[in-house]
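S.K.: here's my sequence, what's the structure:
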Amino acid sequence: MQTRCAWCGTDPLYVRYHDEEWGIPETDGRTLWELLMLEGFQAGLSWITILRRRESFREAFAGFDPQIIATWGEAEVAVLLQNPGIIRHRGKIEATIQAARSFLRLEAEPGGFSGFIWRFTNGAPLQNALQPGAPIPAQTDISLALSKALKREGFKFCGPTITYAFMQAAGLVNDHLTSCLVHDRVAALGGPQNL
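M.R.: Presented below is the predicted three-dimensional model:
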């Protein structure tokens, strides 16, 4: 009998996220960047907390448009720190502004930000084929390498646990359990492959 991965529970928002987003290979650079930023805001919190505030984050951060965010300074930080719809953490807000600048630099290079991210899995999602009851890793050698590379590019709040959660969410790795009703559909999607 196929079931869902247990972590999503029965909350309709979480179930929809599990079924329609988590693990689906994402290749759009801006979408990948937004996901990485949200994972950074999640540090120390539960993902459902971020998921419930995602639309507020999008509104507060100009639709996660790096071109706009890269121009921000202290005035915008001060406004964001007063916004009850987001996580009001100065370090994470300032890191997002810096990350917008880093994103724009990487996006201008061959392959863009998506190519930068996907090269860590050689352009194809990793298929872990996790069995029910198997431990799901919190980080891997690949997430550690991705974390180090992002930090070299000026990103913060991107340690190896955050980057692994990002890899799972963005479909660089398929960590749906083999018994999960979404596993096979996600496994069949593949990734960009042409890096």
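
S.K.: remind me what the longest helix along the chain packs against, helices and strands.
M.R.: Longest helix in the chain by number of residues (criterion: DSSP state H): helix 90-107. Helices and strands touching helix 90-107, by 3 or more Cβ pairs under 8 Å, 6 or more residues apart in numbering; DSSP states H and E, are helix 29-42, helix 66-69, helix 74-80, helix 112-118. (Each C-beta comes from the backbone N, C-alpha and C, glycine too.)

S.K.: what average pLDDT does stretch 11-22 get?
M.R.: Averaged across stretch 11-22, pLDDT comes to 97.

S.K.: so which bits of it are buried?
M.R.: Using 16 or more other Cβ atoms under 10 Å as the test for burial, stretch 11-22 gives Tyr14, Tyr17, His18, Asp19, Trp22.

S.K.: and what of stretch 80-99?
M.R.: By neighbour count with 16+ other Cβ under 10 Å, stretch 80-99 contains the buried residues Leu80, Asn83, Ile86, Ile87, His89, Lys92, Ile93, Glu94, Ala95, Thr96, Ile97, Ala99.

S.K.: name the residues of the host helix or strand of Glu55 that come out as buried.
M.R.: Using DSSP states H and E, Glu55 sits in helix 47-60. Neighbour counts using 16+ other Cβ under 10 Å place Trp47, Ile48, Ile50, Leu51, Arg53, Phe57, Arg58, Ala60 of helix 47-60 among the buried residues.

S.K.: same question for stretch 61-80.
M.R.: For stretch 61-80, burial by neighbour count (16+ other Cβ under 10 Å) applies to Phe61, Phe64, Pro66, Ile69, Ala70, Trp72, Glu76, Leu80.

S.K.: quick check: the two most widely separated of the residues you listed?
M.R.: Largest separation among the buried residues of stretch 61-80 by Cβ to Cβ: Pro66 and Leu80, giving 15.6 Å.

S.K.: would you confirm that Ala62 contacts Glu76?
M.R.: No: under the criterion of Cβ atoms under 8 Å, Ala62 makes no contact with Glu76, lying 9.3 Å away.

S.K.: pLDDT weak spots in the protein?
M.R.: Where the chain drops to pLDDT under 70, the residues are 1, 191, 193-195.

S.K.: from Leu80, how far out is Val173?
M.R.: Distance of Val173 to Leu80, given as Cβ to Cβ, to the nearest Å: 31 Å.

S.K.: do Asp175 as well
M.R.: Distance, Asp175 to Leu80, using Cβ to Cβ: 32 Å.

S.K.: please apply the same query to Asn122.
M.R.: From Asn122 across to Leu80, the span is 37 Å (Cβ to Cβ).
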